[in-house]
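**Q** requesting a structural model of the entry that follows:
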Amino acid sequence: MPTDLHSPSRQLIALRIEHADLDALIDRCPPDGTPDELALRRLKKRRLALRDAIARLERALLPQEPA
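**A** Modelled structure (predicted):
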């Protein structure tokens with residue numbers, strides 16, 4: 001693994017960690033309680049954006065297959 005702190009591999013790890021943290025935070029919200037719906041929607045939107053960024057970075061890191 002490259003030692004560069006800004007390498008795509010390190011960025012991918014950081015994004016996965018942040019996604020997992022958001023996932024855990026969203027799971028802890030009580031389903032029948034009255035949490036702040038706006039904050040919950042923002043968390044879910046950020047989690048979705050992270051998932052998309054992870055997918056883009058994973059595609060960029062995959063070796064290109066010859067056609």
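
**Q** just give the closest residue to Glu18, not the sequence neighbours.
**A** Nearest residue to Glu18 in three dimensions, chain neighbours excluded: Leu50, at 5.8 Å (CB to CB, 6 or more residues apart in numbering). Every residue, glycine included, has its C-beta placed from N, CA and C.

**Q** repeat that for Arg51.
**A** Nearest in space to Arg51, with sequence neighbours left out and distances taken as CB to CB, 6+ apart, is His19 at 6.3 Å.

**Q** okay, that neighbour and Pro63: tell me how far apart.
**A** Counting by CB to CB, to the nearest Å, the gap between His19 and Pro63 amounts to 24 Å.

**Q** settle it for me: which of the two has more neighbours?
**A** Between His19 and Pro63, His19 has the larger neighbour count (other CB atoms under 10 Å), namely 18 against 4.

**Q** who's in contact with the more buried one?
**A** Arg47, Leu50, Arg51, Ile54 (CB atoms under 8 Å, 6 or more residues apart in numbering).

**Q** got the residues you listed as JSON lines, with neighbour count columns?
**A** Compiled in JSON lines, these are given as follows (neighbours: other CB atoms under 10 Å):
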{"residue": "Arg47", "neighbour count": "18"}
{"residue": "Leu50", "neighbour count": "20"}
{"residue": "Arg51", "neighbour count": "15"}
{"residue": "Ile54", "neighbour count": "16"}
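
**Q** out of those, which sit inside helices?
**A** Arg47, Leu50, Arg51, Ile54 (DSSP state H).

**Q** what's the distance between the first one and Asp4?
**A** Right, the one you point to is Arg47. Spatial separation of Arg47 from Asp4 under the definition CB to CB is 27 Å.

**Q** what residue ranges in this structure score low on pLDDT?
**A** In the predicted model of the chain, residues 1-3, 5, 32-35, 67 satisfy pLDDT under 70.

**Q** quick one: residues contacting Arg46.
**A** Contacts here follow CB under 8 Å, 6+ apart; on that basis Arg46 touches Leu22.
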